[in-house]
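[1] Using only what follows, build the 3D model:
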Amino acid sequence: MTVTQTAPAAPIGTFAGLPLYQHGTAPAHLRTVTRLAAIRLHPAPGQQPVCYVVPYYHPGERRALYEPADAAPIVRSLGDEWAWRTRRTCPRCNQVREYIVHGHCGHCDQADRKRAEERHRRRCSDCKRVAGKPLPMVKVGWYAERLCRFCVTKKRRLTGELLRAAIRCAGGCGKRTATKAEVLAWAVANHQAISRWVRRCPACQAAHDAEQARLAAEREARWARERAEQQERDRQAREARAQEVAELSAWAAAALADPDVVILDTETTGLEDDARIVDLAVTTAAGETLLDTLVNPGEPIPASATEIHGITDAMVAGAPTFAQILPDLAAAVFGRRVLIYNDVFDLGRLSHELALLGADVPEFTAAARWEDVMLPYSDWYGEWSDWHGNYRWQPLGGGHRALGDCLAVVDCLKSMARGASGEQEAA
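    Take a look at the predicted model:
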C-alpha cells in the first residue's frame, strides 16, 4: 500500500490511542509493514506504530504506519535474497524495483508508450509510412490528418480534381454552376465529402426533375399494379375459402341427416401403439346412445392416463372385456358410416384389440365406412398455422370420456352445418 501526502490534513480521529488518518492524508514518509518490506525493512522488536490509516479500497480496516528510520533491516538467506531480487528485477532494463515485476516494469511500460506515441506522430495516416520526424496535421477538405508530403501532394491533387468536377453541372453538360470556394464552404459546413456536392444548370435540372417524375410515375404504376394483383389473389383466396367452407358445411349437414351415420370414440390406457381400450361409446348423429360401456383392459391403467380421462382400475374391475362387447360393437357399426374424431388413433386401438383376439382385422374394418371428423372440422374452423403450413387441429372438448366425446362430435357437425367458419363465428 502506497501512502502519499496529497494535502496537509488533521487526523479524523483516534484508533488504539493513536491518530487515525484518511487515505492520502497521513505523513508521506510513514509506511505500512508491506511497504517496509518493499525496501527490505521490517518493524524492529518492540517498535510501535506511529499512527493508523483507513485504506482506500478497504474502508472498514485500520492499517498501522511505522517510522522507517526506526525499522530494522530484513536479514535473508542467500537463497531468499536471490529469490527476492529475481522477482523484482525487470528482464528488459535489469533494474531492481520495489514491486514484483511481471513481464516488464512500469518504467519500461511508460517508455514503450512514449515510443508508441512518438511513432504515431511520425506515421502518415494515409500511406502508413513512418517518417524520421513528427508529421504535421494537414487539413485537406473539411478534416485534418497527419500526412507526409507525398500524401499531401496526392490529396491536394485529388481534391483539386474533385473541385474541378464539382463546380461543373452534374447533368453532364459541362457548364459551370459554382465556385471552388462555395463547394469547400459547403463541405466544411456540412462535414461532407466534396464528391457529394451536386448542382445542375437550369436546363439539366429540369431534365432531371422530369426524369425523376417519370420514374416516380412508373413506380406508382407498378405499385398500383401489384396492389391490384394482390387484391385479385385475395379475392380468389376468399372465394376458394368460401367454397371450401360451403363444401364442408354440406358434408356435415349430409352426415347429420344420414340415418346410417354413427359416431364412435374410445378412451385408452395411453397413446402407445399397444395401448388398450378402457371406455367405448357409439351414438347416432342425433345423439342417441347405441353403446356406452367401460372395458376391462386386463392390465393396470397408468396414472398419466387416469389424469386425463379419470378412469381407474377400480372402475373397470367389473367391466366386460373387449371380447365380450365385440358383438354389440359389430351390431352398432357394421354396414354404417362411422365418424371418428382422429380416426387414425381409434382405428389403431380397435385393430390392436382385434389382433389380440385373433380376429380378422381387414374383414372388420371393411364392414363399415370409416371417416375422420377432426381434419374436416379443423379445415372448416380455419385457424391457420404458419409453422405447419396448414390449419391447426382443434381440440374436441368432450371431457375425455367416450360418450361425451361422441356428443361433442355431434356438436362439431352441427356447427359446421350452420355454414359460417369458426373464425367468422368468433368474429
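[2] pLDDT averaged over the helix or strand harbouring E220 - what is it?
    Assigned by DSSP states H and E, E220 belongs to helix 202-257. Confidence for helix 202-257, expressed as mean pLDDT, is 95.
[3] That one: what's the following helix or strand?
    Next along the chain from helix 202-257, counting by DSSP H and E, comes strand 261-268.
[4] Just give me how far that next one sits from the chain centre.
    Between the centre of strand 261-268 and the centre of its chain there are 45 Å (CA atoms, centre = their mean, to the nearest Å).
[5] Next: stretch 364-373.
    With CA atoms, centre = their mean, you get 48 Å for stretch 364-373.
[6] ok, now stretch 406-413?
    Worked out by CA atoms, centre = their mean, stretch 406-413 lies 42 Å from the chain centre.
[7] Ok, stretch 144-153 next?
    47 Å.
[8] got the buried residues for it?
    For stretch 144-153, a neighbour-count test (16 or more other CB atoms under 10 Å) marks 145-148, 151-152 as buried. Quick note: C-beta positions are derived from backbone N, CA and C, even for glycine.
[9] circling back to that earlier point, packing partners for the helix holding E220?
    helix 374-381, helix 402-417 (3 or more CB pairs under 8 Å, 6 or more residues apart in numbering; DSSP states H and E).
[10] got the contact list for the shortest one?
    Residues external to helix 374-381 that are found in contact with it (CB atoms under 8 Å, 6 or more residues apart in numbering): 244-245, 248-249, 251-252, 341-343, 391-394, 396, 412, 416, 421-423.
[11] mind listing what the helix or strand containing D292 pairs with, with the direction of each?
    Element membership for D292 (DSSP H and E) is strand 289-294. Note on strand 289-294: by DSSP bridges, its sheet partners are strand 277-284 (antiparallel).
[12] returning to what we had before: between the strand holding D292 and strand 261-268, how many degrees?
    Calculated by axes from the mean of the first three to the mean of the last three CA atoms, to 10 degrees, strand 289-294 forms an angle of 0 degrees with strand 261-268.
[13] after strand 289-294 comes which helix or strand?
    helix 303-309.
[14] Now do the buried residues in that next one.
    305-306, 309.
[15] Packing partners of that helix?
    For helix 303-309, the elements it packs on are strand 277-284, judged by 3+ CB pairs under 8 Å, 6+ apart.
[16] Against G397, how distant is the residue nearest to P43 when sequence neighbours are not counted?
    Closest residue in space to P43, ignoring its immediate chain neighbours: Y66 at 5.3 Å, by CB to CB, 6 or more residues apart in numbering. Per CB to CB, to the nearest Å, Y66 is found 85 Å from G397.
[17] how near is the residue nearest to P43 to G13?
    20 Å.
[18] Comparing these two, which residue is more hemmed in?
    Y66 (22 against 11; other CB atoms under 10 Å).
[19] check contacts around the nearest residue to C90 once chain neighbours are set aside.
    Once flanking residues are discounted, C90 sits nearest to C105: 3.9 Å by CB to CB, 6+ apart. Going by CB under 8 Å, 6+ apart, C105 touches 90, 92-93, 95, 97.
[20] which of the residues you listed are buried?
    C90.
[21] Can you pick out the most distant pair from the contacts of C105?
    Spanning the widest gap among these are R92 and R97, at 11.6 Å by CB to CB.
[22] So which residue of this structure lies furthest out from the middle?
    Largest separation from the mean C-alpha position in the chain: G46, at 65.8 Å (CA atoms, centre = their mean).
[23] next one: stretch 75-91 to chain centre, how far?
    Worked out by CA atoms, centre = their mean, stretch 75-91 lies 55 Å from the chain centre.
[24] Mind listing what's buried along that stretch?
    For stretch 75-91, by 16+ other CB under 10 Å, it's 84, 88-90.
[25] Could you report the distance from the residue nearest to E244 when sequence neighbours are not counted to V245?
    Counting by CB to CB, 6+ apart, E244 lies nearest to D379, which is 6.8 Å off, once chain neighbours are set aside. Note on D379: its distance to V245, by CB to CB, is 9 Å.
[26] same thing with I100?
    Taken as CB to CB, the span from I100 to V245 is 83 Å.
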